[in-house]
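S.K.: quick one: sequence plus predicted model below, questions after.
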Amino acid sequence: MPENRKPQHRLDPRKPLVLDTRELGRRPGSMRTVRFPAPAPDDLGVELIGVPAGSDVDLDLRLESVMEGVLVSGTAAVALTGECGRCLEPVTDMLTVPIQELFAYPESTTDETADDEETARMEGDLLDLEPALRDAVVLALPLTPLCNEDCAGLCAQCGERLDDLPEDHAHEVPDARWSALQDLIDTKTHEEN
């Protein structure tokens, strides 16, 4: 093993996102398709929206043996939950993302010439789909999820949801230049009582 290579941890073939490619047999051109639901890993999302841990990730994948490894391509469909970036109401949605990742065989040219973090790697006949899934889903999430496109947000004065308030909703905001005079009136009123 080259000195600059980090030792890899052992993949657990029982994990739902670890796929066994043994039946491809390292024969370039051999292919198989797989469709299955897998539980979503923890922390698959960003601050305002994400995939609930343990919810179904519906995978529809094609595994192809190529010279350098196994090319995995297909889609992942996930349910999203979060909160609106304007009014903080709950948001639910569905997201389907494309996945395409080359998992390099140990001692392949790609494995030898690429940086450790640049290429996904096989461990024997096993590959771990979780990092590719995480990249695809998190990069496709909206930066500011909305409950609807026309969400008006929250009132800056009272904090209520503007879509739930009447159109003429307003707050009396006194002119700060008259605050000294208002203080004198308040003091005089207080003295008289």
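M.R.: Now that the structure is in, tell me what you want to look at.

S.K.: okay, CA-based contacts and neighbour counts for the rest of this
M.R.: OK.

S.K.: flag the shaky bits of this structure, pLDDT-wise.
M.R.: Residues of the chain meeting the criterion pLDDT under 70: 1-9, 110-117, 193.

S.K.: could you rerun that using 80?
M.R.: Across the chain, the ranges flagged by pLDDT under 80 are 1-9, 107-119, 172-183, 188, 190-193.

S.K.: quick one, helices of it?
M.R.: 109-113, 130-140, 179-192 (DSSP state H).

S.K.: can you add distance to residue 24 and mean neighbour count and give the ones you listed back as JSON lines?
M.R.: JSON lines is the format used below for the helices of the chain (distance: least, CA to CA, whole Å; neighbours: other CA atoms under 10 Å):
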{"stretch": "helix 109-113", "distance to residue 24": "19", "mean neighbour count": "16"}
{"stretch": "helix 130-140", "distance to residue 24": "20", "mean neighbour count": "16"}
{"stretch": "helix 179-192", "distance to residue 24": "79", "mean neighbour count": "10"}
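
S.K.: just send these back as a markdown table, with distance to residue 19 too.
M.R.: Output for the helices of the chain, formatted as a markdown table (distance: least, CA to CA, whole Å):
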| stretch | distance to residue 19 |
| --- | --- |
| helix 109-113 | 19 |
| helix 130-140 | 10 |
| helix 179-192 | 70 |
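
S.K.: any idea which of those helices gets closest to residue 47?
M.R.: Across the helices of the chain, residue 47 has its closest neighbour in helix 130-140 (10.8 Å, CA to CA).

S.K.: wait, what's in contact with residue 161?
M.R.: 87, 152-155 (CA atoms under 8 Å, 6 or more residues apart in numbering).
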